[in-house]
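Asks: build me a structure from this.
(one chain, ligands or ions: 1)
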Amino acid sequence: MKIFIDSANLAEIKEAVSWGIIEGATTNPTLMAKEKNQSLKKISQEICRIVPGPVSLEGNASQAEEIIKEAKILAKIANNVVVKIPMTIEGIKAVIKLNKEGIKTNVTLVFSANQALIAAKAKATYVSPFLGRLDDIGQSGLLLIEEIKKIYKNYQFNTKIIAASIRNPDHVKQVALIGCDIATIPFKVLKQLYQHSLTDKGIALFQADWNKLKI
Ligand code: E4P
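Replies: Predicted coordinates:
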């Protein structure tokens, strides 16, 4: 499973990339809006420069022709741009056209297996089911990932599944067990993946015993 960082914060992205395991990034307007007083274009360019892999950038158009125009502008920012497009009839019309023009797409705000089926039929490069937001309303985000995985396997669709809206390390473990292609993970959760209280305790004990050794 590939690991992407779900962030628009340059400091977080730089630090996570320096750890050596990041293979892409995803952003959205909410994440961008947290980066106050910075131009959207500049942040986008910088993320694309830092991240060794695809970077999903999102616009705000709603009609297919507008989405296509916006996607072409976003795609010019860097070679690794993937255009994030919401799961709507107009969005999917745009995905079909953009695919034919060689522009990579990530169909976002996906909450059902049928939406993911449509995204794959439109030949989206990626589909982003949102786990946490489904859990928030008492539905199972993990069940959705399992269903999408099965449907894509049944018909050998090439669209890659990005588990999005990840809230905790258990989400990461569960999507890896399911065999999801990619998990896009917030910085705080990424850091938690490295940690265990017994690791800290073990290091402290080994250090204390090391100090007793005669070298
Ligand atoms: C990534 O593609 C999504 O935009 C993001 O994971 C959404 O996460 P949230 O539900 O925590 O806002």
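
Asks: quick one, what contacts the residue positioned nearest the centre of the chain?
Replies: The chain has T184 as the residue nearest its centroid, 3.3 Å off, counting by Cα atoms, centre = their mean. By Cβ atoms under 8 Å, 6 or more residues apart in numbering, the residues touching T184 are 4-6, 24-26, 128, 162-164, 166. C-beta coordinates here come from the backbone N, C-alpha and C atoms, glycine included.

Asks: now do P52
Replies: Neighbours of P52 in contact, by Cβ under 8 Å, 6+ apart: 17, 22-23.

Asks: now do it, the pLDDT please.
Replies: Note on P52: pLDDT of 98.

Asks: could you measure from it over to the ligand?
Replies: 18 Å (Cβ to the nearest ligand atom, to the nearest Å).

Asks: okay, the closest residue to Y155 other than its chain neighbours and M1: tell me how far apart.
Replies: Of all residues not flanking Y155 in the chain, A120 sits nearest, at 7.5 Å (Cβ to Cβ, 6 or more residues apart in numbering). According to Cβ to Cβ, to the nearest Å, A120 stands 19 Å off from M1.

Asks: the two - which one has more neighbours?
Replies: Neighbours were counted for A120 and for M1 using other Cβ atoms under 10 Å; A120 has more, 21 against 15.

Asks: that one against N114, yeah?
Replies: No. Counting by Cβ atoms under 8 Å, A120 stays clear of N114, with 10.8 Å between them.
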